[in-house]
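A.B. asks: below is the sequence, then the predicted model.
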Amino acid sequence: MTSKPEPTFDDISVQEEGRIYFSDGNPWPEGHRITEFYLDADLWLPRTPYSKRSLPTLWVAHNLETERYYDNDKQIVAGDEDGESDWGSKIVWNNYHSCSIGGQFYECLPDNPFRHSDLSGKRFRIDPLPAASQQLLDDQLTFSIYLLGHDAVADHCLEFGPWDGRCFPAKWSGRIALAYAGETDFCYGFDLTARLAGIRRVYVRQHDQPMPSHDELKKMLGSVLIDGENFGIEEKHNTRLIPPSEELS
């Protein structure tokens with residue numbers, strides 16, 4: 001990885017968006033500004049594929065978006081970059097504009113509803129190598145990444161600092177395979193330290209089940225998400241979107 005001071009949770013203010021850094025050899029060793037970094041969740045109704053024991057199930061997800069790779073880039077590249085690999089080529093990176101990483105990593109049931117503070121101080125290792133290489137072939141990796149196309153990401157280390165009522169300071173690192181170009185080896189990496197916002201919205205996943213009433217949905221959500229009663233309900237994209245009606249505290 002690019003040599004830089006090791007950040008700590010104390011380095012991050014609430015206003016700071018943070019930066020993501022990729023392995024040595026990429027065109028931007030100074031990294032890229034993170035524009036979005038937040039949690040959201042899917043509420044799976046009972047008796048749907050991702051619910052458990054015929055109970056409502058909440059799957060919490062990470063979502064990250066960066067600025068465009070070429071934002072604030074003072075050196076514009078034109079023409080071919082002879083001898084450069086895809087990883088080292090600004091032209092290739094700029095063709096894909098920006099990076100996004102996301103995936104569901106945390107499951108909650110009514111006997112253990114989700115509280116943001118439960119993540120404080122927790123560390124997770126997700127899709128560790130070498131097992132993740134087979135998961136890539138089986139299309140079973142936890143997180144997806146759009147970097148130089150739809151690539152693959154694994155061997156995650158996630159660490160959460162204290163929940164302050166709105167955000168966590170969070171550290172996240174992982175390994176990348178340029179799967180869009182046909183690569184299966186996780187040769188590259190990323191790391192970041194940034195503020196991670198709490199759940200912004202919950203999507204109701206009904207599969208082939210009838211959509212419950214407003215009151216039934218509120219009851220289900222409240223059983224798997226502490227402060228779930230603070231979320232409103234509205235229709236969106238043939239499902240129900242449940243955004244918070246007020247800031248969580």
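C.D. replies: Structure's in. What do you need?

A.B. asks: which strand runs longest in this structure?
C.D. replies: strand 32-44 (DSSP state E).

A.B. asks: what mean pLDDT does it get?
C.D. replies: For strand 32-44, mean pLDDT is 93.

A.B. asks: got the buried residues for it?
C.D. replies: Across strand 32-44, burial judged by 16 or more other C-beta atoms under 10 Å covers 32-34, 37-44. Using the backbone N, CA and C atoms, a C-beta is placed for each residue, glycine as well.

A.B. asks: likewise stretch 54-73?
C.D. replies: Buried residues in stretch 54-73, counting neighbours by 16+ other C-beta under 10 Å, are found at 55-64, 66-70.

A.B. asks: also stretch 134-151?
C.D. replies: 135-136, 141-143, 145-148, 151.

A.B. asks: now for residue 131, how many residues are close by?
C.D. replies: 10 (other C-beta atoms under 10 Å).

A.B. asks: what about it, distance to residue 142?
C.D. replies: To residue 142, residue 131 is 12 Å away according to C-beta to C-beta, to the nearest Å.

A.B. asks: still on that earlier bit, only C-alpha atoms, please: export the longest strand of the chain in PDB.
C.D. replies: Written as PDB, here are the backbone C-alpha positions of strand 32-44 (Å, rounded to 0.1, in the frame of the first residue of the first chain):
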ATOM      1  CA  HIS A  32      -9.600   9.700  -3.500                       C
ATOM      2  CA  ARG A  33     -12.200  11.600  -1.500                       C
ATOM      3  CA  ILE A  34     -15.100   9.600  -0.100                       C
ATOM      4  CA  THR A  35     -18.400  11.300  -1.000                       C
ATOM      5  CA  GLU A  36     -20.800   8.700   0.600                       C
ATOM      6  CA  PHE A  37     -20.200   6.300   3.400                       C
ATOM      7  CA  TYR A  38     -23.300   5.000   5.200                       C
ATOM      8  CA  LEU A  39     -25.300   2.000   6.400                       C
ATOM      9  CA  ASP A  40     -28.600   0.900   5.100                       C
ATOM     10  CA  ALA A  41     -30.600  -2.300   5.500                       C
ATOM     11  CA  ASP A  42     -33.000  -4.800   3.900                       C
ATOM     12  CA  LEU A  43     -36.000  -6.000   5.900                       C
ATOM     13  CA  TRP A  44     -36.800  -9.500   4.600                       C
END
